[in-house]
Structure formats: C-alpha cells, structure tokens
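Engineer: Structure, please.
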Amino acid sequence: MGGRRGGVKLLRFESGSLSHITGDTVTTSPGTALDVAVVDTWVVGAMGGQGITVYEEWTAAQRNTYALDGVCVSVEPMGTNRFVATCRTHVHVIEINSLGLIHVLATARLHRRMDGGAAGVHFASHTTVDGDVLFVAGWDHVDAYRLMETDTDPDIQVAGQRAHFGGPPGAVQILVSNAGQGTLEISDVACTESSLTCTIGETSIPPGGLSILRIVYDGSATNMQTLARINSNDPDDPVVPILVYAALDSMPDPHEAAPDFTGNTTVRDYTAGTFTDSTLTLSDFATAGEVVAFTVVGAWSPESLPSLAAMAGDIAPDLPTGSSFFVIDQEEAPGTIRHVLEKTYIPLTIVLDTDGSIADTLYSQPSQPDSGLPFGRAFVFEQIDFDPYVADVYDRYDPQGLLDDITDAL
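Structural biologist: The predicted structure is shown next:
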C-alpha cells in the first residue's frame, strides 16, 4: 500500500486483519507515495515529483527511483513485465526486467486541448488498462490511447504552453520537438494579436528532432490575453494552443512591483503532532534581502494536492541560502488544510488565505475562458531597493524551474 510521505509499506491480510511487515518511513521514503501496484515480482510506487520507485515484492527493500516527466500519481499493471505510470501532464508505458530496471517504451504528453475557441486543461489522475488500450482520466477529458509496437506517426511535444510578459517588450522561446516515428510538419503558427510576432525555426522536424517557437511582444497592448496556435500533422494534437498574457491589470506581471500582504500562518510539527501559528509579511523578506517564492494551492484543486505533497521533497531541501519558500492556501477553512497536513508530510509554512484576499484579490489569475484553469500558480520575488518585485510567474508544477529562478534572482 502507499503510505503517502511515509513511502510504500507492505502489509499482510490474515484472519480479517492487517499487520505491518516492512516498508519505508518518513526518513527513508524517496518521495510522497500516491499510489502503488504489484508488477510481476516487483512493487512499483508513484512518488509524486520524484517519479517512480521499484521495490522487491516481499521485502519492500528500496531498489531504484526513476525521474519521470510530470508529478506521478498513479501506477497500473499492463500485462507481463509492463505497467503504466500516470504523471499529471504525462502518461508513460514502462517495461521492467528481472533486475527491477525499467525502460520507458512510450510517453504521451497531455497538452492543453482546443475546445471550440478556448483552451482546456488536461491533468491526468488515473489510468485503467484493457489489453493494449489505456483509458486516461483527467480534469476535463477522458482519453483512450493504444500502445503501438510499430508507429509511423509524428508526435508533437511542446516544452510549455504559456508565455507571460510584463509591461516592457520581451521575447519567449518554447522548445518544440518530435517524439514520434514520422516527420512532424508544422503547417502554421497562428498568432493574430498585432502586438505579437510568432515565428518557428524548422517546420519539418524529423523523429527526435527539435525546433524553437519564438514569441515576441512589442509592448503596445495592455491587459492582453490571447492564444497562439501551432498547427501540424500530428494526428492526436493537430492544434496545440499557447496561452499568451501581457501587461495584465488583474495580476502582477514579471518586473512589476509585488503587492504587499500580511497573512496568518501555520506549520505542522510532525514530531510533536502539533501546529505552530504565526504571521508573515511579504515586504519583510525584501527588507532582509531575501529572495522569496510562494505557490497557491487549494484542496479543492486536483492539481494542487499531489504537487503540494511533492514540494517538501522537490523544493524545500534544495532552497539556496538567502531564499525562502511558503504556500498560500486559497479560500479554505483552516481546519481543511490542517486535516491535509495531518494526513500528508508537508513541513512547509502555510499562509491561511481564508477569504482569498491575497491569492484571489492581489494575485488573481486571468479567468477568461481561453486562459485555462487558475491553479498551480507560483510566484518568485526579488528585492529592488528593499521592495519586492515579481521575477517570474508559473501556472504549472515546475520545481527545477522555480529553483533556477530563485538562484538567478539572488
């Protein structure tokens, strides 16, 4: 069974009761165990942001942990020596050998999808397997995939589907690659907003090849929210939308001053089993010369909970000296987030934004239909003349990007 931050645990069911045999502890667990499955003679755990871990079946001795794209939340056997790992933005089909070593056979990235004129969001949460077909449940889609032993189709992969500019002119580069077996042909990059120029390098991308989409903002438009579209011959994703924002009235942009706030906080002491309550003020970090980052979460969001559980291992231990990181829990009763902290190992400072006055009012996400859904937001702040300024904004779980931005701002 999965033990959340306690890792994978092995239990025996006898005479109507369960007894603990062995398994991870909070100290030894490589990540937050969100799901577990038995695959032949191995136990495979979905470990959130750490990827997957393979254990020996009857001893639960840790073997190897493998990083995978996405936050891994589900694992499911798929015939002999194979299983599926569902990792929020990606679904992986993996083969495992007699030594417990893995080989990724196929990967599908779940892009934002076009629904009429708007861009929807697909965050995978679980997969059911029927032969060689995978049924993937997500936020607003249920998709079916078939594992093909021989495939001649192209497969477009886009490194990011969001470009966020501040007021000044700027440029964003997005990596476009071909993970399929056929040549990917980019027929058009549609970018109709007059303040934007969208160009792509190679339009004919061979298997394994790369190209660069470049989006340039000239600074002339204000409060801009629009879509750029990559049109290609990928049969699964013929149109991939890119959400583009600039100079937003409703949300602090990169290089703009950050609205100050003071919030009530709580931290779980997992040794004593108690909570410590206090307050924090954003401008205090800038006054102290610290770079600070925070992310917005809510137990109501299917994206937030696995990401929140993974942050304790993915972000907090690697924070460079001179930086801080905390979490804002948006529009929930304190008892709700405390219940989550009691059940999950999250030794992070939580700001209790009960009425949404911080996350919603001061740091609101664009809410128009083509903006997607407003979760997974993270902000990085640097100090300029002892005032906090926005260095970067995220709308997805990207711990390494967040840490890189914090380092750059120091």
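
Engineer: Identify the residues contacting Arg268.
Structural biologist: Thr274, Phe275, Arg338, Leu341, Glu342, Ile346, Pro347 (CB atoms under 8 Å, 6 or more residues apart in numbering). Backbone N, C-alpha and C define where each C-beta goes, glycine included.

Engineer: Next one: the third one from Phe275, what distance?
Structural biologist: Distance, Arg338 to Phe275, by CB to CB, to the nearest Å: 6 Å.

Engineer: which neighbours do these two share?
Structural biologist: In contact with both Arg338 and Phe275: Thr266, Arg268, using CB under 8 Å, 6+ apart.

Engineer: Pick out the most distant pair among the contacts of Arg268.
Structural biologist: Greatest spacing in the contacts of Arg268, by CB to CB: Thr274 and Ile346 (14.7 Å).

Engineer: ok, Val390 touching Ala258?
Structural biologist: Yes: counting by CB atoms under 8 Å, Val390 does reach Ala258; the two are 5.2 Å apart.

Engineer: Between the two, which contacts overlap?
Structural biologist: Common contacts of Val390 and Ala258, defined by CB under 8 Å, 6+ apart, comprise Pro252, Phe379, Phe381.

Engineer: which one of those residues is nearest Val327?
Structural biologist: The shortest gap between Val327 and any of the shared contacts of Val390 and Ala258 belongs to Phe379, at 11.6 Å (CB to CB).

Engineer: Tell me which helix or strand comes right after the helix or strand that contains the closest one.
Structural biologist: Using DSSP states H and E, Phe379 falls within strand 378-384. Sequence-wise, the next helix or strand downstream of strand 378-384 (DSSP H and E) is strand 387-394.

Engineer: So which bits of that next one are buried?
Structural biologist: In terms of neighbour count (16 or more other CB atoms under 10 Å), strand 387-394 has its buried residues at Pro388, Tyr389, Val390, Ala391, Asp392, Val393, Tyr394.

Engineer: okay, now the closest residue to Gln62 other than its chain neighbours: neighbour count?
Structural biologist: Nearest residue to Gln62 in three dimensions, chain neighbours excluded: Tyr55, at 5.9 Å (CB to CB, 6 or more residues apart in numbering). Other residues within reach of Tyr55, judged by other CB atoms under 10 Å, total 24.

Engineer: Which stretches in the stretch 51-200 of the chain count as helices?
Structural biologist: Using DSSP state H, counting those that start in this stretch, the stretch 51-200 of the chain contains no helices.

Engineer: Where does pLDDT dip in it?
Structural biologist: Counting by pLDDT under 70, the low-confidence segments of the stretch 51-200 of the chain come to 115-117, 121.

Engineer: shouldn't Thr183 be in contact with Glu202?
Structural biologist: No: assessed by CB under 8 Å, Thr183 is found out of contact with Glu202, at 10.7 Å.

Engineer: what's Ile205 in contact with, if anything?
Structural biologist: Here Ile205 is in contact with Pro154, Val176, Ser177, Asn178, Thr183, Leu184, Glu185, Ile186, Ser211 (criterion: CB under 8 Å, 6+ apart).

Engineer: Kindly recompute the last result at 6 Å.
Structural biologist: For Ile205, the contact set (CB atoms under 6 Å, 6 or more residues apart in numbering) comprises Asn178, Leu184, Ser211.

Engineer: Can you classify Met251 by secondary structure?
Structural biologist: coil (DSSP: H, G, I helix; E, B strand; the rest coil).

Engineer: Surely it touches Ser364?
Structural biologist: Yes: Met251 is within contact range of Ser364, at 5.5 Å (criterion: CB atoms under 6 Å).

Engineer: Between those two, which has more neighbouring residues?
Structural biologist: Between Met251 and Ser364, counted using other CB under 10 Å, Met251 has the larger neighbour count: 19 against 16.

Engineer: so who does the more buried one touch?
Structural biologist: Shown in contact with Met251 (CB under 6 Å, 6+ apart): Ser364.

Engineer: Any figure for the gap between it and Ala46?
Structural biologist: 33 Å.

Engineer: Show me the shaky parts of the stretch 301-410 of the chain.
Structural biologist: Counting by pLDDT under 70, the stretch 301-410 of the chain shows low-confidence ranges at 301-303, 365-377, 383-386, 395-396.

Engineer: Run through the strands of it in chain order.
Structural biologist: Assigned by DSSP state E, counting those that start in this stretch, the strands in the stretch 301-410 of the chain fall at 323-330, 350-353, 378-384, 387-394.
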